[in-house]
Structures are given as structure tokens and as C-alpha cells.
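A.B. asks: Show me how the following folds:
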Amino acid sequence: MALPYSINNIRLCTGSLLRQQWLILFLIFPALASGQCQIQVYVDTTPVNQIEICIEDSLPLTARGECVLLWEDFNNMAFASPAWSFVPTGIRFDNPCMNSANGSAYAWFGDLSAPPREIVTIDFDVLSGGYISFDLRYGLQAAGTPCDGPDAMREGMSLQYSTDFGDTWTDIAYFAPTGNVLPANPFTTLPSTFGPTAFTDWDQYIFQIPPGAQTTHTRFRWIQLYANYYNGHFDDSWGLDNIKIARSIDLDTRWKHGPDSVSAGFVAPLTDSSFIVHLLDYQAPYDTIASDTIHIIVHPIPAFEFISDTNEICFGDSLLITLSGNFNYLWSNGIHGDSAIVSPVENATYVVTSTDNIGCFHIDSLTVFVHPLPQIQIQGDTICTGDMARLSAAGGILYEWSGNRTGDTVWVHPATTTTYHLTVTGSNYCTDTASTLVWVHPLPVIQAMGDTAICNGGYALLRVTGGQSFLWNDGNTLPLIEVSPQEDQWYIVTVTDIHQCQNTDSVMVRVNPMKQILAWAVEDTICRGTPALLTVEGGAWYEWSHGDILPETEVWPGSSSTYTVIAYNPYFGSLCSLDTTLHITVEECNTFYLANAFVPDGYSPEFKPAGNFFSIKNYHLLIFDRWGKMVFETRDWNEGWDGRINGNPAPTGVYAYKVRFTKAYSEETFEKIGSLTLFR
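C.D. replies: Modelled structure (predicted):
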């Protein structure tokens with residue numbers, strides 16, 4: 001029958017903390033006599049005989065255990081098991097070197113035991129496999145009798161098996177003095193080992209029975225082939241304790257579920273059920289030598305339903321979801337309870353686990369589909385004061401702007417920078433909002449200034465302040481320009497600032513209409529001592545170089561002279577002037593010329609001065625012959641010498657003359673003496 005359990009009932013449901021844990025039925029064999037078997041049911045590590053599960057859950061039922069073929073702990077200071085076929089003499093059980101792991105007695109192969117030191121079991125049926133376990137310790141090299149340990153490589157102990165009644169042996173493991181487990185004894189002396197190793201302290205070693213040893217008649221032995229004999233005793237000592245050989249029960253278990261035989265593995269009962277595992281004797285007639293039963297109580301799942309208005313929302317919205325039933329609920333988003341308000345940002349599946357009061361659970365899920373908001377593309381504008389702004393948007397099917405405007409494009413006329421709000425509805429009827437600014441930049445503050453009146457042909461300097469770029473109506477693009485209009489003209493400048501806003505200003509440049517003056521003299525050639533009348537026109541007032549300011553002036557030049565006149569003309573604050581000059585030629589009208597020869601009967605019948613004798617007085621002409629005798633005299637400048645002397649023709653020859661007169665306006669007296677030749 002089954003052994004008593006410390007825990008009688010376990011509830012195992014898919015919703016409990018034991019989900020995905022395996023239910024294992026362990027057949028455990030405590031320290032019993034050789035060949036005895038025991039069975040016990042385990043769930044995980046807890047012994048039970050009843051378990052509760054949820055319907056449709058499955059359990060992996062596994063029977064594990066052993067039948068102990070040999071158990072030797074040396075606690076009675078001898079090889080007590082009847083399963084030994086050979087035990088040597090000289091074995092010590094008085095713990096001569098070190099206590100065992102539990103402080104009890106152990107077998108020590110030491111100074112009284114001659115090599116080869118071995119212990120051999122009887123033949124066992126291990127056809128279904130199994131394992132061998134034992135505690136082992138080597139003595140420490142140079143520790144003294146009887147605790148001296150092996151040092152040469154070949155002085156270790158081997159675990160072996162034989163399937164031919166001991167005629168031949170096969171190594172399972174060789175415990176080398178170096179502290180290593182090798183496949184077999186290398187039968188060499190080197191390397192030598194000194195000092196502690198992994199084997200110089202008690203430790204447990206477990207080996208599965210190898211496939212070659214799995215027969216119905218297999219024996220095992222522990223053997224040390226070499227040990228030194230020194231000074232009347234044997235060295236290279238070692239010890240064994242807690243030796244156990246157990247066979248597997250895998251080939252000897254049978255499962256029953258009611259009247260039906262079942263296979264070990266997963267079971268999924270739909271109602272309360274009992275499963276029995278039987279351990280059969282491995283020898284005919286194969287009776288049941290042990291069994292155990294597990295009672296499985298099956299509970300229904302705690303099913304529920306999702307309750308909500310919809311499972312489709314727009315991005316940013318929330319949804320209330322409630323659950324039917326009266327269970328404990330755990331949502332995948334960490335919420336506990338029968339309702340939750342969710343606000344997913346994308347399609348999301350909410351998994352809810354309902355758990356009843358025994359730990360069974362049910363899992364269901366609801367997918368909430370999140371429709372995207374319209375992807376609004378909004379375009380504001382930047383304008384200048386007085387302009388219209390264009391607002392445009394895209395990404396939806398309906399557009400509602402602040403100010404009761406609709407449509408994807410609207411025109412606005414803000415006076416200042418203004419924010420415009422937009423609500424856009426997409427094709428999925430989700431809405432979103434956006435806003436944009438219309439920046440309103442003031443027009444640049446500008447001022448055009450400069451000369452407002454110039455003289456004809458002159459230049460006006462115009463300038464404008466404010467802004468960054470400039471365009472005058474004459475094509476100039478500088479803020480400071482020089483112009484020379486031919487008549488009154490407006491100059492208009494357009495100024496653009498950094499925001500491309502424009503403003504205009506203008507300046508009038510007036511052109512003085514005085515373009516020329518006329519000045520003339522009635523006679524520009526006069527005789528010395530006579531006046532000249534000068535006249536000018538074309539100005540408002542005048543200034544002559546000789547001080548007169550009238551448009552007509554009379555001058556009395558004593559010699560040829562140039563007269564300058566400046567004409568002035570005011571016009572819208574400008575005073576323009578033009579000047580010109582008049583040249584008056586003054587001739588010596590009282591001068592004369594005398595020929596140096598004449599022919600009385602020819603072209604010049606008289607010899608007299610030629611010239612202008614205006615305003616002279618005291619005229620006196622004298623002619624002398626070659627001997628100095630005066631032959632002609634007159635005081636009338638119109639009278640000349642006709643080439644006669646006392647009425648008679650004068651002979652051809654050279655004569656002398658003397659002429660003298662006085663200018664009436666200057667009282668200057670001129671006199672000239674010369675010669676002339678008379679030809680006949």
C-alpha cells in the first residue's frame with residue numbers, strides 16, 4: 001500500500017501557480033533490504049494522493065522509482081548484505097582515518113588488506129537499467145599508516161561490471177590518484193600525485209548502469225590492482241560507504257483508469273477520475289508488489305464574456321469594457337476587477353484571466369481596433385498688413401476652421417498675427433484638431449526725402465530710410481540716389497523689408513524752368529569815347545559785372561571790354577542763376593595811316609592820311625622836299641597834297657612829311673614824321 005502523505009490534497013488548475021508544472025508519480029525507495037520496492041505519489045516535490053484540475057487540462061503522469069538490489073552502509077561493522085559474492089579479509093570498519101559524511105562506520109581498504117583489493121556482487125537482473133551510487137575517499141599521500149593514499153597513476157580504484165559470470169570485466173570508471181575520473185586504468189606509474197585531490201575527502205558518486213551491463217545476470221566490483229607493501233604493511237589506502245545498486249522500474253509499471261489500461265503520459269479527464277499505477281514483480285508470475293492511486297477532481301472553467309459598446313475607437317479615445325460572471329479577473333494590462341477603461345494607442349488585444357475560488361482559470365481576449373486620426377497637413381501663411389492669407393489643409397474629408405469657415409482652403413484677412421484652429425474629420429470619422437498661425441508683419445516704416453527743387457541741368461540727392469531693399473520708379477535700387485530731371489517729376493520708391501512686406505513713398509523734384517538767358521549789345525564795336533547799350537532777358541533780376549542791376553545798361557568802355565551779367569530766377573524755394581558775357585570792341589577811330597608813295601596821276605591822286613578822324617582837333621600836315629623846304633601845308637584833314645609845288649607838278653623823288661593832331665576826348669597829341677616817294 002502507499003505510504004502516508006504529509007499533504008493529502010492539492011488543487012492543480014490551469015489558472016493556478018502550478019500551471020505548466022508536471023505531475024510526477026515518484027516511486028521512492030528508502031534504505032531497505034536488497035530487492036525490496038516501495039512506491040509513493042508525488043506532485044512536483046510534495047507527496048499527495050488527490051489533486052483538483054480544470055476541465056480540458058492535462059496531466060503528464062510518470063512513474064519513477066527503483067527496486068534496491070544491494071544496500072550496504074557498514075553501520076554494523078561488516079559486509080551485511082547477502083548480495084556480495086566476494087569480500088576480502090583485512091577490511092577495517094573503525095573509521096581509522098576520517099569520519100564518514102554522516103559519522104557512521106565505513107569500509108577501509110588499508111594496511112591490513114593485500115592487493116588486489118576487491119569486492120564483488122552477485123549477478124543482478126538490471127535489464128531495465130538502473131544506477132550505482134557510493135561514497136568514496138582516498139587516503140592522503142604520506143599521511144602515515146593506515147591513512148597513506150595512492151600516488152602512482154596505476155594505484156587507483158576501478159568500478160567494473162561483468163556479464164559472463166566474472167570471466168571478463170569492463171570498466172565503468174577509474175578513479176585516478178590525480179583526482180580525475182577516467183574511462184579506464186592507464187596502467188602507468190606516472191604521473192605521481194602528492195597532496196590533496198578531489199578524492200581525498202568523502203564524496204558521493206553516482207553512475208548509470210551502462211547499456212552493455214543491462215542484462216539479467218550482471219555483477220559489479222570495486223577493485224584496486226596495485227598497492228605498495230612497505231615495512232610490514234600495505235599503503236595506498238581507500239574507503240567505501242553507502243553502496244547502493246538499484247534497478248529501474250520503467251519496464252515493470254502498469255497504469256489503470258477504471259477498467260481501462262492506459263499508457264504513461266498526458267491524461268485529460270473530463271470528469272472526476274482515479275488513476276492507479278502498479279509495480280509488477282520482475283520475476284514470474286509478475287504479481288503487483290506495489291501500487292499507488294491519484295484521485296483527480298475536475299472543475300469547470302470560469303467562463304465569462306466581454307461587454308462593451310464597440311471594439312473600435314479613434315486614437316486618443318477611451319473604452320469601457322465590463323466582464324460577465326463573478327470571478328477573480330486579471331487583465332493583461334495589470335488591472336484587477338470586472339471592468340476596465342482602456343485607451344490603447346494602436347490595435348491592442350486585452351487578455352483577461354478569470355480565476356475561480358479553487359484556482360481554475362479561463363483566458364479570453366478582446367481586440368480593440370484603434371483607428372488612426374486623420375494625418376493633418378496644415379499650412380499657415382505669412383502676410384503683410386492689408387494682405388489676404390491663404391490657409392490650406394489636407395488629410396481628411398471634412399474641414400471646419402475657426403470663424404465658421406469650411407473647406408480645405410480658406411482665405412482670411414487678419415489685421416494682426418492670429419491663430420486659426422481646424423477640426424478635421426477623416427474617412428473613418430475620427431477627428432483631430434490642429435492650429436496654425438498667420439503671421440501679420442507690419443509694413444516697413446519708410447520716409448523718402450531729398451532736394452525738392454533744382455536748377456535745370458542740376459542734380460537732386462534723394463534718400464529713403466527703413467527696409468532692406470529699394471526700387472525707385474527710375475530703376476535705381478539704392479537707398480541714396482542722384483537724379484537730374486529735365487522738368488518737375490515725382491520719384492516713387494518701393495521699400496521691401498526682411499519679411500518681404502512693401503511700402504511706398506514719393507518725393508517731388510521740381511526743376512527751375514530757367515534754361516537760358518539772352519544778352520546782346522546794340523553795337524558790339526564802338527569808337528573810343530562812345531557809349532554801348534547792353535540788354536539781357538530771361539531772368540527775374542540781374543546783376544552786371546559793372547554793378548548795374550537793370551536789364552538794360554549803358555557802358556562807356558575806354559578800351560575793348562567784356563561784360564558779365566548774372567540772371568536770377570526763384571522757383572519753389574530754389575534760386576537758379578545763369579550768366580553770360582558780352583564783348584564790346586573799342587576801336588581807335590582817331591587813328592590814321594600814311595602811304596610811303598603815291599602817283600598823282602594814278603590811283604591815289606592825293607597824299608593824305610587815311611583813317612577815322614572822328615573827334616580830333618589841331619590837325620596839321622606838312623610836306624618837305626629833300627632839302628627841307630616845305631612844299632605843302634594844311635590844317636584840314638580832308639585836304640591832301642596833289643603832288644604840285646606852287647601849282648606845278650613836283651618832280652619824282654623822295655619827300656618828307658610831318659603830321660600832328662590832338663584827340664578831342666582825351667587831349668592827347670600825336671605826331672608822326674616819315675618819308676614818301678612821288679612817282680610820275
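A.B. asks: any idea how far the spatially closest residue to residue 125 that is not a sequence neighbour is from residue 67?
C.D. replies: If you skip the residues right next to it in sequence, residue 125 has residue 216 as its closest partner in space, 4.5 Å away by CB to CB, 6 or more residues apart in numbering. Every residue, glycine included, has its C-beta placed from N, CA and C. Taking CB to CB, to the nearest Å as the criterion, residue 216 is separated from residue 67 by 14 Å.
A.B. asks: who has more neighbours, these two?
C.D. replies: residue 67 (25 against 11; other CB atoms under 10 Å).
A.B. asks: partner residues bridging that one?
C.D. replies: Per DSSP bridges, the residues bridged to residue 67 are residue 37, residue 247.
A.B. asks: now residue 60
C.D. replies: Note on residue 60: beta-bridge partners by DSSP bridges are residue 266.
A.B. asks: Return the helix or strand in this structure with minimum mean pLDDT.
C.D. replies: Considering only helices and strands, the least confidently modelled element of the chain by mean pLDDT, DSSP states H and E is strand 25-26, at a mean of 42.
A.B. asks: and stretch 201-213, C-alpha only, in PDB?
C.D. replies: C-alpha atoms of stretch 201-213 as PDB (Å, rounded to 0.1, in the frame of the first residue of the first chain):
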ATOM      1  CA  ASP A 201      37.600  14.000   1.000                       C
ATOM      2  CA  TRP A 202      34.400  11.900   1.200                       C
ATOM      3  CA  ASP A 203      32.000  12.500  -1.700                       C
ATOM      4  CA  GLN A 204      29.200  10.600  -3.300                       C
ATOM      5  CA  TYR A 205      29.400   9.300  -6.900                       C
ATOM      6  CA  ILE A 206      26.500   8.000  -9.000                       C
ATOM      7  CA  PHE A 207      26.800   6.100 -12.300                       C
ATOM      8  CA  GLN A 208      24.000   4.900 -14.500                       C
ATOM      9  CA  ILE A 209      24.300   1.300 -15.400                       C
ATOM     10  CA  PRO A 210      25.700   1.400 -18.900                       C
ATOM     11  CA  PRO A 211      23.800  -0.300 -21.800                       C
ATOM     12  CA  GLY A 212      26.400  -3.100 -22.100                       C
ATOM     13  CA  ALA A 213      25.700  -4.000 -18.500                       C
END
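A.B. asks: ok, and what's touching it?
C.D. replies: Surrounding stretch 201-213, the residues in contact under the criterion CB atoms under 8 Å, 6 or more residues apart in numbering are 98, 100-101, 126, 129-137, 159, 161, 163, 170, 172-173, 181, 218, 220, 241-242, 247.
A.B. asks: In PyMOL, how would I select the buried members of the residues you listed?
C.D. replies: Buried residues within the contacts of stretch 201-213, as defined by 16 or more other CB atoms under 10 Å, are selected in PyMOL through the command that follows:
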select buried, resi 98+100+126+129+130+132+134+135+136+137+159+161+163+172+173+218+220+241+242+247
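A.B. asks: Just the contacts of stretch 201-213: which are in strands?
C.D. replies: Secondary structure from DSSP state E places 130-137, 159, 161, 170, 172-173, 181, 220, 241-242, 247 of the contacts of stretch 201-213 in strands.
A.B. asks: The nearest residue to residue 394 once chain neighbours are set aside and residue 370, how far apart?
C.D. replies: Here the nearest residue to residue 394 in space, its sequence neighbours aside, is residue 377; by CB to CB, 6+ apart that works out to 4.4 Å. Separation of residue 377 from residue 370 (CB to CB): 21 Å.
A.B. asks: Give me the more crowded residue out of these two.
C.D. replies: For residue 377 versus residue 370, neighbours defined as other CB under 10 Å are more numerous around residue 370 (20 against 13).
A.B. asks: got a list of what that one touches?
C.D. replies: Listed by CB under 8 Å, 6+ apart, the contact set of residue 370 reads 313, 314, 315, 344, 345, 346, 347, 348.
A.B. asks: go on, residue 160?
C.D. replies: Remark: with contacts taken as CB under 8 Å, 6+ apart, residue 160 is in contact with 169, 170, 171, 172, 220, 221, 223.
A.B. asks: Quick check: residue 527 vs residue 608, distance?
C.D. replies: Taking CB to CB as the measure, residue 527 and residue 608 are separated by 20 Å.
A.B. asks: So these two - more neighbours on which side?
C.D. replies: Residue environment comparison for residue 527 versus residue 608 gives the larger neighbour count to residue 608, 21 against 16, counting by other CB under 10 Å.
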